[in-house]
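**Q** Build me a model:
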Amino acid sequence: MVKPKAYLAHLKSGDDLVTTYESVRAGFVALALEKNRRATPFVEQARALKVAAADAATPADLINIEGIQSALLTAAGVSDKAAQHLQPEDKESAVQSLIEKFLAPAGVEFIEELIYRFLLTRGDTLGGSMRNVGGMLAQRKLSRALISTLAVAGTPYQWLHAANNTWLPMSKDDSDIELRLRGLSWVNGRKRRTVVYNLTVPFLKNNVDLQRFAIGCDRLEAGNARRFNLRRRALPASKRSLMWSHPIANCHMSVQLRPSGTKRKIRLAHFVHRAGRTERRH
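**A** Numbers count the residues shown, from 1 in each chain. Here you go, the predicted model:
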C-alpha cells in the first residue's frame, strides 16, 4: 500500500495555499507594530536633541553646542552611511547650509524646524531597514512553529546562532531564540533534517530564503554553509540548466531556466545522494 504524502494532511486543494484575509490583516498589523518598535529609538533621539538644542538662542549658536554635531548633520539630510565618506569640511558646509537656508528663516521656531528635519532623515533610515522586515518576521514565525512542533513531540534539536555561526543544543528556556536563530537541525527516527536560512547560491547571485538538507548539522559545517560549487551541464538550446552542489551535504539542486520571453516559471528539482544512489525530490 502506497503511503500517502505527508503534505496531504494539510493541503487538500490549491485553495489551501491562498492566504486568508485574517492572515493578511495580521501580517500588516505585525509590520506596523515592528515599524513602531524600530522608530522608538529615533523618537527618543529627537527628544534628547530638543533638550540639548534649547540652550541655543539663535540657529548659529547650535554649532557651538557639544554633543549634537552628529544630529545636526543628520538634520542636514546626511545619512550615517553618507557621513562616512565626507571630509570634515564637507560636513561643516552641510550644517552651515542647514542653518542658513532652513533654520534661520524659521525664526523663533528654529528648534522645531531642526527636530522635524532630523526626524525626516531618520524616517528615511527607518524605511530602508523595513524593506526586509516582512521576510524576517516570516522567518521568525516559521522558526517558532518548528521549535514548538519539535518540543511537543519531545524531539531534541540544535539551532544555529546567527551572530557567531555556532550550533547550540536546545535549551529548556527557548524564549525568543527565533530572534537569533539562523538554522535548525533535528533527527526524526532515522531521518536527519537541517534547515538553514539565507544561503547564497552562485548562479542566482542572491540569497535563497530557506534550504533544507537531508543531513545532520554535524556534517554541515557552519563555516562552509555559505560556499557552494557550481556545475553546468550541456543541454539543448531550448532550455538552460544549472546545477549547484554542497560539498559537505552531498546534495544537489538543478534549475531549468526557460528562454527569455516565455512565462514559464523556474523549475526546481532537489537531488539527494545517499547509499550509492541519487533520489530526486521536487
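**Q** can you pull the buried residues of the host helix or strand of Arg192?
**A** Assigned by DSSP states H and E, Arg192 belongs to strand 191-201. Neighbour counts using 16 or more other Cβ atoms under 10 Å place 192-199, 201 of strand 191-201 among the buried residues. Glycine gets a C-beta too; all of them are placed from N, C-alpha and C.
**Q** can you check stretch 82-100 too?
**A** Residues of stretch 82-100 classed as buried by neighbour count (16+ other Cβ under 10 Å): 91, 94-95, 98-99.
**Q** What distance do you get for Val195 to Lys5?
**A** 19 Å (Cβ to Cβ, to the nearest Å).
**Q** cool, and Ser171?
**A** 33 Å.
**Q** before we move on, what about Leu199?
**A** 26 Å.
**Q** Report the two of the buried residues of stretch 82-100 separated the most.
**A** Farthest-apart pair in the buried residues of stretch 82-100 is Lys91 and Ile99; separation 13.0 Å (Cβ to Cβ).
**Q** that older thread, from the chain's centroid, how far away is the strand holding Arg192?
**A** 15 Å (Cα atoms, centre = their mean, to the nearest Å).
**Q** and if you look at stretch 92-110?
**A** 38 Å.
**Q** and the end-to-end length of it?
**A** Start-to-end span of stretch 92-110 (Cα to Cα, to the nearest Å) is 18 Å.
**Q** what mean pLDDT does that stretch have?
**A** Regarding stretch 92-110, the rounded mean pLDDT is 95.
**Q** With stretch 192-201 instead?
**A** Mean per-residue pLDDT for stretch 192-201: 85.
**Q** Only alpha carbons, please: show that stretch as CSV.
**A** Output of stretch 192-201 as CSV, limited to C-alpha atoms (Å, rounded to 0.1, in the frame of the first residue of the first chain):
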residue,chain,number,x,y,z
ARG,A,192,18.2,13.7,9.8
ARG,A,193,17.0,17.2,8.8
THR,A,194,18.7,20.5,8.8
VAL,A,195,17.1,23.8,7.8
VAL,A,196,19.2,26.9,7.2
TYR,A,197,18.0,30.4,6.2
ASN,A,198,19.6,32.8,3.8
LEU,A,199,22.3,30.9,1.9
THR,A,200,23.8,32.3,-1.3
VAL,A,201,23.6,30.2,-4.4
